[in-house]
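K.L.:
Quick one, what's the 3D model for this:
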Amino acid sequence: MLYVACEGESTEPDYLDYLNDQFGGGDGQGRQPFRLQPVPRRGGRTPSGIVEAVRKAAGEDGAWALFDRDQWNDIPQAIKAAADSKVELAFSHPSFDLWLLLHFQAFGGAQSGSSKIVVEKLRQAKGANAFKDYGKGGARRASRGLGARP
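P.N.:
This next block holds a predicted model:
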């Protein structure tokens, strides 16, 4: 059991649920079963808040703090708090939507801080049928559509 706290309140926890569904049971050939337990919160958290939340939730179990934004002023404090409490850190891509799109097609170029074009391309990407309603309240259904990479 690994506890994972993240900034996002739906997309990242939905993706963790997808990983549990697809791979959490192990494979009977040496890959051990696992469970990733999301520690979500409405409205998101700062990096220090993520570290604190997962530390409290995990107790003695493994703990990961996942964040993707670099605009926070408390990243150095979060790194220190994580090291002091044995919480692992992971930085994801600042655009989770782009990261999903890259499972299906190459994409590049500046987006001026908006993911509107990326989301539209994801909805239309070949092989990404499960994402046709992505961003319209269908994140949980859509994250389950990541089964195979091109």
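
K.L.:
Just want to check the distance between Val51 and Phe67.
P.N.:
9 Å (CB to CB, to the nearest Å). Quick note: C-beta positions are derived from backbone N, CA and C, even for glycine.

K.L.:
what's the answer for Phe131, then?
P.N.:
Taken as CB to CB, the span from Phe131 to Phe67 is 23 Å.

K.L.:
Okay, strands next: where are they in the chain?
P.N.:
Along the chain, the segments classed as strands by DSSP state E run 2-6, 36-39, 62-67, 88-91.

K.L.:
For stretch 23-38, give the mean pLDDT please.
P.N.:
For stretch 23-38, mean pLDDT is 86.

K.L.:
mind checking pLDDT for Leu89?
P.N.:
Note for Leu89: predicted pLDDT of 91.

K.L.:
Name whatever forms a beta bridge with it.
P.N.:
Leu89 has the following beta-bridge partners by DSSP bridges: Ala65.

K.L.:
isn't it right up against Ala78?
P.N.:
Yes - with contact defined as CB atoms under 8 Å, Leu89 reaches Ala78; the gap is 7.5 Å.

K.L.:
Brilliant, that's me finished.
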